[in-house]
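K.L.:
Got a predicted structure plus its sequence, pasted below:
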Amino acid sequence: MTTYVDRFFAAVSVLAGDGYIKQRLIRAYADNLADIDEDELPVAVKEEFADTRKCMHSVAPMNGESPISASVRKMSAREASACALALFSIYSELLKQDEGTQRRPVKKKSTAAPFIVKSISR
């Protein structure tokens, strides 16, 4: 199950990042969760993940876009936030069931230039 915990951790990390909620939701789901078979997940999260999958594949794509992109495009910001919250909820439940596995901290990529402190001698 640790593999699923790691994949949901990666998705939640994307959801917590920069950008619009819809863009983050598309990236989080498409890059980390789209190919998960809900039948392989624990019973406690299977139904919630199946419901989320239905939301993420609810709209037929147009002009070469993916079903995920099409579905999220049609969502309101509130609906996209609800999907993101559902993914976080699933991740939280998977963590409870996978106790004993230590989570790795997210490595922050700093875009700020380092500053130099000049010492003053008297």
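P.N.:
Noted; the coordinates are in hand.

K.L.:
show me where pLDDT drops low in this protein?
P.N.:
1-2, 100-122 (pLDDT under 70).

K.L.:
for it, longest helix please?
P.N.:
helix 77-97 (DSSP state H).

K.L.:
Now it: buried residues?
P.N.:
In terms of neighbour count (16 or more other Cβ atoms under 10 Å), helix 77-97 has its buried residues at 79-80, 83-84, 86-88, 90-91, 93-94. C-betas here are computed from N, CA, C, even on glycine.

K.L.:
okay, those residues in TSV with distance to residue 54 next?
P.N.:
Shown next, in TSV, are these (distance: Cβ to Cβ, whole Å):
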residue	distance to residue 54
79	13
80	15
83	11
84	16
86	11
87	14
88	18
90	14
91	19
93	18
94	19
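
K.L.:
residues of stretch 31-51 that come out buried?
P.N.:
Buried-residue list, stretch 31-51, by 16+ other Cβ under 10 Å: 32-33, 36, 41, 45, 48-49.

K.L.:
Specify which member of those is nearest to residue 19.
P.N.:
residue 32 (15.5 Å; Cβ to Cβ).

K.L.:
Quick check: chain neighbours aside, which residue is closest to the closest one?
P.N.:
residue 11 (4.1 Å; Cβ to Cβ, 6 or more residues apart in numbering).

K.L.:
Might one say that the one you found is in contact with residue 25?
P.N.:
No: taking Cβ atoms under 8 Å as the definition, residue 11 is not a contact partner of residue 25, at 9.2 Å.

K.L.:
helices and strands around the longest helix of the chain, which ones?
P.N.:
Packing contacts for helix 77-97, counted by 3 or more Cβ pairs under 8 Å, 6 or more residues apart in numbering; DSSP states H and E, involve helix 2-15, helix 21-32, helix 43-56.

K.L.:
between those, which one is nearest to residue 63?
P.N.:
Of the helices and strands packed on helix 77-97, nearest to residue 63 by Cβ to Cβ is helix 21-32, at 15.7 Å.

K.L.:
Which residues outside the closest one are in contact with it?
P.N.:
Contact partners of helix 21-32, identified using Cβ atoms under 8 Å, 6 or more residues apart in numbering, comprise 7-8, 10-12, 14-15, 17, 56, 66, 68-69, 72-73, 75, 77, 80-81, 83-84, 87.
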